[in-house]
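1. Coordinates for the following, if possible.
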Amino acid sequence: MIYIFAAAMLLTLILGPGIWVQRVMKKYSQPGDRYPGSGADLARNLLDKHGLQSVSVESTDSGDHYDPTAKSVRLSTANHNGRSLTAITVAAHEVGHAIQDKESYAPLKWRTRLVRATSPIQKIGAGVLVVSPFLGILTRVPALGLITFAAGMLTLGIAAVVHLVTLPTEFDASFNRALPMLDKYRTLKDADRPHARRILTAAALTYVSASLMSLLNIARWFAILRR
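-> Here you go, the predicted structure:
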């Protein structure tokens, strides 16, 4: 019984942040016409106010993010076109990353370098994971199991490190960049400011959730090894 309770608590700690983030984002995405301008409109306005006319604002299916290589704020379709509190707040958060880039914010630079350096390794690891089971069936070589495990650990380990390194940039973008901008330009309705703080917290915790999931996957790989 104790083990079941401990397992339930562990799953709650790992999955809880992700579930909370999704609930917060969904809750404040309605009403969809809360503000006169869209998330894309606000992002463009804030970028221009900070001398970032060269940074583009694009719609994407890959989730809200700022691409420091392409110099582009990319918003999900709902946040790009939407006029909800979530759309406005998330847009400000991503502009916060663009400002970090402009100011050469050290954690963002470290994160960008780490992603560039480890991206090829992750691709190789993912490729080995896909190919190894088929090779194992064809060749029946036991060593392939160890290769698969090593590739899995490498891929998941790198992902966990990248997510953890990302955390300082997320909290800075939310509370040292986005919230002050929203206050300075009086973007938010007075009643919405506490809710905007929740959304900004959720935006930052997105990577906490991803980090915890990566650690859970690593634990699963160790469990497989012990069998």
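2. wait, residue 47 sits on residue 66?
-> No. Between residue 47 and residue 66 there is no contact under C-beta atoms under 8 Å: 10.5 Å. Glycine gets a C-beta too; all of them are placed from N, C-alpha and C.
3. Residues that sit against both of those two, list them.
-> 73, 95, 98 (C-beta atoms under 8 Å, 6 or more residues apart in numbering).
4. So which helix or strand of this protein has the lowest pLDDT on average?
-> Least confident helix or strand of the chain, by mean pLDDT, DSSP states H and E, is helix 106-139 with a mean of 68.
5. Can you verify my assumption that residue 39 contacts residue 85?
-> No. The pair residue 39 / residue 85 is not scored as a contact, 10.2 Å apart, by C-beta under 8 Å.
6. Look at these two and report which has more neighbours.
-> residue 39 (30 against 25; other C-beta atoms under 10 Å).
7. From residue 81, how far out is the more buried one?
-> 7 Å (C-beta to C-beta, to the nearest Å).
8. Check the contact lists of those two and give me the overlap.
-> Joint contacts of residue 39 and residue 81 (C-beta under 8 Å, 6+ apart) are residue 87.
9. Can you show me the helices along this protein?
-> 2-27, 39-49, 77-81, 85-102, 106-139, 143-172, 179-184, 193-226 (DSSP state H).
10. residues of the second one that come out buried?
-> Neighbour-count burial for helix 39-49, counted by 16 or more other C-beta atoms under 10 Å, picks out 39, 40, 41, 42, 43, 44, 45, 46, 47.
11. can you pull the contacts of the nearest residue to the last one once chain neighbours are set aside?
-> Computed as C-beta to C-beta, 6 or more residues apart in numbering, the closest residue to residue 47 that is not its neighbour in sequence is residue 55, at 5.1 Å. Residues counted as contacts of residue 55 (C-beta under 8 Å, 6+ apart) are 47, 71, 72, 73, 98.
12. if you set the cut-off to 6 Å instead, what comes out?
-> 47, 71, 98 (C-beta atoms under 6 Å, 6 or more residues apart in numbering).
13. Relative to residue 46, how far out is it?
-> Taking C-beta to C-beta, one finds residue 55 at 10 Å from residue 46.
14. quick one on the thing from earlier: for the shared contacts of residue 47 and residue 66, which entry has the maximal number of neighbours?
-> residue 73 (29 neighbours).
15. follow-up on the earlier one: export the shared contacts of residue 47 and residue 66 to TSV and append columns for distance to residue 22 and pLDDT.
-> Below are these laid out as TSV (distance: C-beta to C-beta, whole Å; pLDDT from 0 to 100):
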residue	distance to residue 22	pLDDT
73	22	98
95	22	98
98	25	98
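16. Let me know the closest of the residues you listed to residue 179.
-> Among the shared contacts of residue 47 and residue 66, residue 95 lies closest to residue 179 (C-beta to C-beta), at 11.8 Å.
17. so that closest one makes contact with residue 48?
-> No. Here residue 95 lies out of contact with residue 48, judged by C-beta atoms under 6 Å, at a distance of 10.3 Å.
18. got a list of contacts for stretch 56-73?
-> With C-beta under 6 Å, 6+ apart, stretch 56-73 has contacts from 40, 43-44, 55, 74-77, 79-80, 90, 94, 97-98, 101, 112.
19. Name the residues of it that are buried.
-> Per 16+ other C-beta under 10 Å, stretch 56-73 contains these buried residues: 57, 60, 64, 65, 66, 67, 68, 72, 73.
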